[in-house]
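Asker: Let's see this in three dimensions:
(chains A and B)
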Number of protein chains: 2
Amino acid sequence: MKQWNLLSENRRKRIERGLAITGRIADPDKIVALLEALIEPGDRVCLEGNNQKQADFLAGALCSLDPAHVHDLHMLLSVLALPEHLDIFDKGIASKLDFSFSGPQAVRLARLVADGKLNIGAIHTYLELFGRYFIDLTPRVALIAAQAADRHGNLYTGPNTEDTPAIVEATAFKSGIVIAQVNEIVDVLPRVDIPADWVDFVVQAPTPHYIEPLFTRDPALISEVQVLMAMMAIKGIYAEYGVERINHGIGFDTAAIELILPTYAESLGLKGKIGRHWALNPHPALIPAIEAGFVESVHSFGSELGMERYIEARPDIFFVGRDGSMRSNRAMSQTAGLYACDMFIGSTLQIDLQGNSSTATLGRISGFGGAPNMGSDARGRRHASPAWLKAGEQARQGRDVMPRGQKLVVQIVETFREHMQPAFVEKLDAWQLAEQAKLAIPPVMIYGDDVTHILTEEGIANLLLCRTPEEREQAIRGVAGYTPVGMARDKKMVENLRDRGIILRAEDLGIDKRMATRDLLAAKNMKDLVRASGGLYAPPKRFRNW
Amino acid sequence: MKQWNLLSENRRKRIERGLAITGRIADPDKIVALLEALIEPGDRVCLEGNNQKQADFLAGALCSLDPAHVHDLHMLLSVLALPEHLDIFDKGIASKLDFSFSGPQAVRLARLVADGKLNIGAIHTYLELFGRYFIDLTPRVALIAAQAADRHGNLYTGPNTEDTPAIVEATAFKSGIVIAQVNEIVDVLPRVDIPADWVDFVVQAPTPHYIEPLFTRDPALISEVQVLMAMMAIKGIYAEYGVERINHGIGFDTAAIELILPTYAESLGLKGKIGRHWALNPHPALIPAIEAGFVESVHSFGSELGMERYIEARPDIFFVGRDGSMRSNRAMSQTAGLYACDMFIGSTLQIDLQGNSSTATLGRISGFGGAPNMGSDARGRRHASPAWLKAGEQARQGRDVMPRGQKLVVQIVETFREHMQPAFVEKLDAWQLAEQAKLAIPPVMIYGDDVTHILTEEGIANLLLCRTPEEREQAIRGVAGYTPVGMARDKKMVENLRDRGIILRAEDLGIDKRMATRDLLAAKNMKDLVRASGGLYAPPKRFRNW
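Answerer: Residues are numbered from 1 along each chain as shown, chains lettered A, B, ... in the order given. Purely as a prediction, here's the structure:
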């Protein structure tokens, strides 16, 4: 007779072992023993590491396990952010990793792979990883973080809900074990984000979980080149296509766009016509546009430190609970970014001659985060919008195919990045990285055939209008400036592309470059942002430079 | 001074009006008055109509509102299933509709559109509609259905969670109003699916909410042609690509595949190599494959009537709560189907010469459900699998492009459907429908450039290997049998495609057609399914034909 409840039986035994050590509201001093009782060798363990919120206390406890007892864990992490996330591998407790983003740990991750201490399953985009949690990567144990718990085990995440619902649902309903670290245990929660019967153990961490203010950009650091690029973006793309629903990546390029909405875009009469709805973390740089009435709604993947009071005071714009704090949700916001936005605009480190881009560079396995999901054409989308229809028409002009819309996917880069590294290359480093990390194919962030526009300080290349691989290559070279890729352009072909409106320079858009000064920024520094918020925005200390 | 809490202020007033009529646990006799107090003209109202679970009591109450007071509602529905869903428009209470699927109401919907009583915003795939709930179609009021509530307002959905979490989250956290009909009000819930503070009013309906057993197929109705097609699918596609993670559409074609896994696929030594993980409702036809050890896990969009006890007894396979009943979740399962499955296989009503398919036929606006989402290449996917890599390689052979995997999207159809209507057509009815319903572009269910294989009783056309539109057209004609499209094939070219392995006949796959009998079905009727389940499966009455 086949037994069909192995997972739940095994779960029962683990919980029993756990309860022999401490209560359901666990003693923080016994956390290591508790984890050792709950985790078995070879387990798939999801450790909540988000863009911002980190289950750091549980990560530290995991590192303290004895590798003689607990080893060969298969770690699932959205973001590798803390040193502990890799210490687990260094110490021989874990051996396999599936993840999405590893920005801060990209170099060390590459080293561990080279040393054979870490075997990468795959790099994912967030939503893809969540999807696999319900199919073939269901966590056996989830170590998560919340703001508070009540004595029943109900959890309150506050504004940093992020990945918690997706992780807990997949784990709890497949007989897995859920352990939550919380900042405080209270009698009555402001609201319930995760019901108690989805959670097995709660532990109050000695210090509040770490949160990274990842989406704050100081306007003081925005250059005039970035202002020029932002003007081209607004006039050449946002206005041209009438883009109402947008996702912006992190970065100064897009912060510049946000900051000239109330000045430049307003002067072009674009209020109410572009940028009405956003899938976006609460970027402080968006405050002036919100105050100016540009923005109707914002749904967020996660929150941003310092924005709490501002969000609470703007419930018409943000998604907030009855307690006044935001409810973010990475899974739903990524879904919204994929299916309900007309445009993704973000930056990258390298772009090749086909328009493929990657943030993976030599010696760094950095992952992609949400970009592949939001920076791809949602081919299942069926609802129309003017922007989507126009992009689809441009891509299909003169071809006898079924009409279809298309998402606008814009890569915005300066032709040279830090240390004068060219952003345009003949061949992506991703090819070499694939060999190093033994990946089946190169880790491309956004594929060229999903990119619709590349925007640099030299102009806009509209790849939708290119009809051959040669045209595409020359369109890219034509905005690649003084990089070797740009210098090797076929000048005649580039001029022809410009005549046909495939390459657009600032002057072709009627943009007076002399206007591209920092004066256009609705906030020029952090203090301006605070002022624009009516004093509601409270930047973290490191940004308080006045 | 701009006011930033208009939504929450307006919400407060509505709740106040509601509470003047009845309590938070509302009197069912006052439901019409309550809705009239809570709903305002022009509101976006999400009425929970799923594939299976229907908020039918609330739908009926909505129909009883006085259109002089409540009118011009903008209705959001996953599925138009009940007559009431359209009565709301007929009576002048609602005027605009955004939806996903309207199978049972497709003809009447087309008529209401023609009469100018209903204006379609757009037809969506489910996940797309959920995405828009967080961007530009956030519900003002949500009318949902659950199994039970406790006196605080916590909700228990039981196995039919379906769309509820996505709808409630979008509504509750944007100062909207959530009203739940429940079958019973109890002291202690078996588990909490929706926390109480996301819900405003609960009402016990006089009769339990309607549930449709939509995914039950009686094996007695499976034909030998379908068995042959199932054999070709397994040998020519599942085994060929090593497809481990699958989504099956509804239908007898895919039920036949499910039912020959433990016989035919087993005889080919495919156990553990194909069909291990599924994004799928609990199809009764899958029982024999589960019992035979083919299936490792199933995550579901919704449940299926009669499968409750079987699911409870197989927690290693299904996602179940601590109470023993399933937790389904359409948003997460669609995400899994999109990003974590290697193949979608489903049926359609019409396929054109480019491979575009649609279930919209003249006089019927039927919508698409989940097919566009799961039947499209997830271009944001970055993790590799053998099936995905092989499909991607075939599509890119001989072309100098960045390597990339691809999802297998298989259309399985007999060349003639009911009433001898050909499944292959020169031009989809969708073109005419687009005009009738004033849609910007024809309502295509799955676009030809996302389809990788078309499978009919005549054979398999592998569109991945086609290099020109002409080859593609002839590959389609080459499996279109005696339909006019099939008869007009270029015989020489079709033979050439067959020589190149682009068209595969049963004999090319080494399939002995004489074996294609109903004897291969692991269950030949409903009684066999019950027996295979060890008596745990309890089919609804209408299927009890023994």
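
Asker: While we're on the residue most central in space within chain A, how confident is the model there?
Answerer: When C-alpha atoms, centre = their mean is applied to chain A, the residue found nearest the centroid is residue A:370 (4.0 Å). According to the prediction, residue A:370 has pLDDT 97.

Asker: Look up phi and psi at the residue lying closest to it once chain neighbours are set aside.
Answerer: Spatial nearest neighbour of residue A:370, chain neighbours left out: residue A:126 (5.2 Å); criterion: C-beta to C-beta, 6 or more residues apart in numbering or on different chains. Quick note: C-beta positions are derived from backbone N, CA and C, even for glycine. Phi and psi for residue A:126, reported as degrees, to the nearest 10, are phi -50, psi -50.

Asker: So residue A:126 sits against residue A:98, correct?
Answerer: No - contact criterion C-beta atoms under 8 Å: residue A:126 and residue A:98 do not qualify, at 11.9 Å.

Asker: Neighbour count: those two, which is higher?
Answerer: Set residue A:126 next to residue A:98 and count neighbours by other C-beta atoms under 10 Å in any protein chain shown: residue A:126 wins out with 33 against 20.

Asker: State the pLDDT value of the more buried one.
Answerer: Value for residue A:126, per-residue pLDDT: 98.

Asker: quick one, what contacts it?
Answerer: Counting by C-beta atoms under 8 Å, 6 or more residues apart in numbering or on different chains, residue A:126 touches A:78, A:100, A:101, A:163, A:301, A:330, A:331, A:334, A:369, A:370, A:373.

Asker: Just after the helix or strand of chain A with the lowest mean pLDDT, pick out the following helix or strand.
Answerer: Least confident helix or strand of chain A, by mean pLDDT, DSSP states H and E, is helix A:430-436 with a mean of 90. Next helix or strand after helix A:430-436 toward the C-terminus (DSSP states H and E): strand A:453-456.

Asker: thinking again about what came up before, identify, from the contacts of residue A:126, the entry nearest to chain B.
Answerer: residue A:373 (3.9 Å; C-beta to the nearest C-beta).

Asker: burial measure for the closest one, as a count.
Answerer: A count of nearby residues for residue A:373, using other C-beta under 10 Å, gives 28.

Asker: looking at it, it is touching residue A:333, isn't it?
Answerer: No - Residue A:373 is beyond contact range of residue A:333, at 10.4 Å (criterion: C-beta under 8 Å).

Asker: how about stretch A:46-59 as PDB, C-alpha atoms only?
Answerer: Provided in PDB are the C-alpha atoms of stretch A:46-59 (Å, rounded to 0.1, in the frame of the first residue of the first chain):
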ATOM      1  CA  CYS A  46      13.100  29.300   1.500                       C
ATOM      2  CA  LEU A  47      14.800  32.000   3.400                       C
ATOM      3  CA  GLU A  48      13.000  35.300   3.000                       C
ATOM      4  CA  GLY A  49      15.500  37.700   1.500                       C
ATOM      5  CA  ASN A  50      13.600  40.400  -0.400                       C
ATOM      6  CA  ASN A  51      14.700  43.500  -2.100                       C
ATOM      7  CA  GLN A  52      14.200  45.200   1.200                       C
ATOM      8  CA  LYS A  53      13.000  43.100   4.100                       C
ATOM      9  CA  GLN A  54      15.400  40.500   5.400                       C
ATOM     10  CA  ALA A  55      14.800  37.600   7.700                       C
ATOM     11  CA  ASP A  56      18.200  38.300   9.100                       C
ATOM     12  CA  PHE A  57      17.900  36.800  12.600                       C
ATOM     13  CA  LEU A  58      16.800  33.400  11.000                       C
ATOM     14  CA  ALA A  59      19.500  33.700   8.400                       C
END
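
Asker: Quick one: residues contacting residue A:366.
Answerer: By C-beta under 8 Å, 6+ apart, the contact list for residue A:366 reads A:101, A:102, A:103, A:106, A:359, A:360.

Asker: the helices in the stretch 351-500 of chain A, which residues?
Answerer: A:371-374, A:386-396, A:430-436, A:469-477, A:484-487, A:491-499 (DSSP state H, counting those that start in this stretch).

Asker: So for chain B, which of these sits nearest?
Answerer: helix A:371-374 (3.9 Å).

Asker: Any chance you could give me that closest one in CSV, C-alpha atoms only?
Answerer: Written as CSV, here are the backbone C-alpha positions of helix A:371-374 (Å, rounded to 0.1, in the frame of the first residue of the first chain):
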residue,chain,number,x,y,z
ALA,A,371,13.3,43.0,-15.1
PRO,A,372,12.8,39.9,-17.2
ASN,A,373,9.2,39.7,-16.2
MET,A,374,8.3,43.3,-16.6
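
Asker: Report the buried residues of that helix.
Answerer: With burial defined by 16 or more other C-beta atoms under 10 Å in any protein chain shown, the residues of helix A:371-374 counted as buried are A:371, A:372, A:373, A:374.

Asker: didn't the first one look like it was pressed against residue A:444?
Answerer: Same thing as residue A:371. No - when contacts are counted by C-beta under 8 Å, residue A:371 is not listed as touching residue A:444 (10.4 Å).

Asker: ok, and what's touching stretch A:209-217?
Answerer: Contacts for stretch A:209-217 (C-beta under 8 Å, 6+ apart): A:51-57, A:81-82, A:145, A:160, A:181, A:183, A:250-252, A:255, A:281-285, A:304-306, A:539-540, A:542-543.

Asker: and these, which are buried?
Answerer: A:51-57, A:81-82, A:145, A:160, A:181, A:183, A:250-252, A:255, A:281-285, A:304-306, A:539, A:543.

Asker: out of the residues you listed, which are inside strands?
Answerer: A:145, A:181, A:183 (DSSP state E).

Asker: Looking at these, which is nearest chain B?
Answerer: Closest to chain B, out of all of those and judged by C-beta to the nearest C-beta, is residue A:145, at 18.6 Å.

Asker: Contacts only, for the nearest residue to that closest one once chain neighbours are set aside.
Answerer: In space, and not counting its chain neighbours, residue A:145 is closest to residue A:55: 3.9 Å by C-beta to C-beta, 6+ apart. If a contact means C-beta under 8 Å, 6+ apart, then residue A:55 has A:47, A:48, A:49, A:143, A:144, A:145, A:181, A:209 as its contacts.
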